[in-house]
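Enquirer: prediction below, plus the sequence it came from.
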Amino acid sequence: MTLVKTKIGRRAFIRNTGLAGGGLVLGFNWLASCKMTPEQVSSLPKEWFNLNGFLKVGDNGLVTIMSPNPEIGQNVKTAMPMIIAEELDVAWKDVIVEQAPLNTDIFTRQLAGGSQSIRQGWESLRMAGATARHMLKEAAAKAWEVPAGEITTKEGQLMHEASGKSAGYGEMASAATAIEVPEEVELKDINTFSIIGTDKKNVDGPKIVTGQPLYGLDIQREGMLTAMIVHPPAFGMKYKSMNAESVKSMPGIKDVFHFEVYPETVEKQWSDGGGIPELVAIVGNSTWECMQAKKALQIEWEEVLKLESTAYHDEALAALMDKPTEQPARKDGDVEAAFKKAAKIVESTYSAPYLAHNTMEPMNFFAHVTSEKAELLGPIQTPEFLERTLVSRLGMPAEKIDIMMTRMGGGFGRRLYGAFAVEAAAISQKMNAPIKLVYSREDDMTQGTYRPSYRVKYKAGLDENGNLIAWHVRGAGTNDDLVFEHRFPAGAVDNYLAEKHELATNVTTGAWRAPSSNFIAGAEQAFMDEVAEASGKDPIEFRLELFDRAINNPVGDPKQNDYDPERYAGVLKLVKEKSNWNGTGNGKARGVSAYFCHDSYVAQVLDLEEGSGTPRVGKVWCAVDCGIVINPLSAKNQVEGGIVDGIGHATFSAMTFTDGKPNQSNFDTYRLIRNTEAPKEVETFFVDNGIDPTGLGEPSLPPIVGALANALYKATGRRHYSQPFINDRPPLVG
Amino acid sequence: MALFTLNINGKKQEVDVDPTTPMLWVLRDHLNLVGTKYGCGIAQCGACTIHLEGTATRACMLPVSAVGNQAITTIEGLSENGDHPVQKAWLEVDVPQCGYCQAGQIMTAAAFLEKNPNPTEEEIEMAMNGNICRCGTYLRIRKAVKMAANS
């Protein structure tokens, strides 16, 4: 048992917040309106008792657990309540999960980003369950007049062995509400976990497979209007004028107007990044009518900033590859001197285009703003920051603004930037009506907030024994400086130089699943293979030697390094064993890769299969060290999804521009990976080390690009330096 | 605007809409059957897949005026209690991540298995190739289709 103080997030433990009662929060009714089966209805308790802001216990022992963080497909809506249920010690079958609304009084960090929901929620979620269990035990102790320390719990049952007394949680729930919230609580020994570490299916699964309303786009309300926006056709253009009048008379159209999303007075948050300051809104009765009006509308735009093309981005990034930075990000030893005495030098440049997030559910939001209050409901990864912007944009105190998150049809970082919700609120305020803002796929794909375009140049020096003696990385991105100077191989090479440039561009960018890592991991791990080949060593042995160096005799202060070389080497050794790596690839073209990001370690081996003339990914072995795995089933799903996502984007996808205008606007021109192109098989292995959990939504994506590139090299004898690989002639896939 | 009588999930439904309106928006905006999803509007992603007389069809490019008396089935009407073999397999395999595309995937799989109850792996992949899943659940989709075929 571990004793922890309940100090962190203590506000969450103030009872009777009203939250779990359901009446306080707007949007609840909508989400709860999904049809329940007669069995579900008959088994619902007559009365619920709030033990803290995270949970309520019913008089029949059913427990409702609030999932605080936004759900974008990373499955926190199942995993976070599992942690609470574990410490509460309730049977998972007796748990009902509800999405919590934004409530900064109760929850901390209600944000989906950086793969941090579980890592940062770990302690407070455990505490929420443990505190409630403590209060139930205290209530039973009072009722039975026995010491609380003698009471044990199991799956929602309280037991006192000496007296033979026992009761369900439901019987003690009412009395438990009168128990003082403890100053500190005992947490379970991790070796006694019975829910954490077991496979639990997605709690929304039954609703998903029957098509029940779960997503922002599914919202329907009495009197609700539909709104669409028109944004400038090119980055660098701004609204000038339009022929709104003829369109206003089209069937079903209520209004067409130009508006400022962000007047100068608005205090913007980082989450407003990528938001377009001025737009045209079309408001009508239905989506199709708005789409027709949108087609008919003629708008004149004017150029206010340079209209950039992909050729410009590529040339400007390429120019930075030859430009030293004034101040290196990290410098150990002297790379120039080492290159002079090196027996071999390897040098390569890798690049990747802009990418769109392309969540399957396009951006949308419901807003109902009146003079009294604002109700916002929809898909948002950063509700707390949205609230701050709305306070300023609507001129309304936070208490009058209610924000509820729906399940999201994908996030990938796109919904960190909630300008669309601000737009919805502004349109509702102007129309004085409830509205649902809907982006068309084209609006969504051409709006911006893209994964930046990147370029990185590596140079490595080997001595006559094939030992790595110098490593120089110089990277650049559009609105992003790309390089993580303290990541591997920093600390493992005597002479190390990391430099980073940022190219400011007018095409807007944002975080895209595993920001920067999503490109640099693949580049670094492909280059590492080139260097290993030049050294004459096996690529895994070459990497392990470097980790040995970082473990036994690190260069510089090891505290500077972001990574733990033992855990890094651990996943590499595990994947080596599981894939039966013997250096030859067992007759198949095979690549390896390992990367650390979001506090987790991933190593992968990828086999290509000879298909009908073109290689296809066969099997992927993946070793992961993310500490304690909450839900192995969905953890494997995440890893698998990240691998497919990484392979798909590196192989097929690109956003390009001509005079500021995106050349791709829908899935006919922007290619996403499809079923026949996904790996035949993925097998995932988790390191079992009992360390507190770290990120898992992102870490499996970055390294797979390197494993793919390395296997492609084995298959074709050609290195692929430029993404998407499909454009790197001759065609390789598809 | 024109009046249409549609046969949806075994029920007659009347709508008064512009004849060019795609079935996707008729279902979603006018009949509150929102299980059929909007993804691209140009029949590229498959999120809007419904059954038209048993054939998997993209609702986003099917004008309401072209439907006539043909029977439409949506995800809401695929089974009475969510217990169609494909739905059961989807849950058993825990296919969904974000879940948004899955109604379309399920409708494609159900229509496919009606016509080909014992498919090979290659046939399953090809049948499911028109449906994009941005989360990358393709491996589990294949597994679930196979499981449904065997049940």
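Expert: Yes, it's here. Numbering: from 1, shown residues only, chains lettered A, B, ... in the order given.

Enquirer: the stretch 251-400 of chain A: strands as residue ranges?
Expert: Using DSSP state E, counting those that start in this stretch, the strands of the stretch 251-400 of chain A run over A:253-260, A:278-284, A:299-303, A:330-332, A:344-352, A:364-369, A:374-378.

Enquirer: between the ones you listed, which one is closest to chain B.
Expert: strand A:364-369 (9.3 Å; Cβ to the nearest Cβ). Backbone N, C-alpha and C define where each C-beta goes, glycine included.

Enquirer: what is the burial count for residue 74?
Expert: No chain specified, so I'll use chain A. 28 (other Cβ atoms under 10 Å in any protein chain shown).

Enquirer: if you could check chain B rather than the one you did, that'd help
Expert: Residues lying near residue B:74 (other Cβ under 10 Å) number 24.

Enquirer: can you classify the residue in chain B positioned nearest to chain A by secondary structure?
Expert: With Cβ to the nearest Cβ, the shortest gap between chain B and chain A falls at residue B:35, namely 2.0 Å. At residue B:35 the chain is in coil, as set by DSSP: H, G, I helix; E, B strand; the rest coil.

Enquirer: got it, and residue A:551?
Expert: helix.

Enquirer: export the strands of the stretch 251-400 of chain A to a markdown table and tack on mean neighbour count and mean pLDDT?
Expert: A markdown table is the format used below for the strands of the stretch 251-400 of chain A (neighbours: other Cβ atoms under 10 Å in any protein chain shown; pLDDT from 0 to 100):
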| stretch | mean neighbour count | mean pLDDT |
| --- | --- | --- |
| strand A:253-260 | 18 | 98 |
| strand A:278-284 | 22 | 98 |
| strand A:299-303 | 13 | 98 |
| strand A:330-332 | 19 | 98 |
| strand A:344-352 | 18 | 98 |
| strand A:364-369 | 27 | 98 |
| strand A:374-378 | 26 | 98 |
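
Enquirer: can I get those strands in CSV including distance to chain B?
Expert: Putting the strands of the stretch 251-400 of chain A into CSV (distance: least, Cβ to the nearest Cβ, whole Å) gives the following:
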stretch, distance to chain B
strand A:253-260, 12
strand A:278-284, 10
strand A:299-303, 20
strand A:330-332, 34
strand A:344-352, 18
strand A:364-369, 9
strand A:374-378, 14
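
Enquirer: of the ones you listed, which is nearest residue A:396?
Expert: Residue A:396 lies closest, by Cβ to Cβ, to one member of those: strand A:374-378, at 5.8 Å.

Enquirer: that closest one to strand A:364-369, inter-axis angle?
Expert: 170 degrees (axes from the mean of the first three to the mean of the last three Cα atoms, to 10 degrees).

Enquirer: residue B:65: how many residues sit nearby?
Expert: 13.

Enquirer: between the strands of the stretch 251-400 of chain A, which gets nearest to residue A:420?
Expert: Of those, the one closest to residue A:420 (Cβ to Cβ) turns out to be strand A:364-369, at 5.5 Å.

Enquirer: and the closest one, what does it pack against?
Expert: strand A:374-378, helix A:419-431, strand A:435-438 (3 or more Cβ pairs under 8 Å, 6 or more residues apart in numbering or on different chains; DSSP states H and E).
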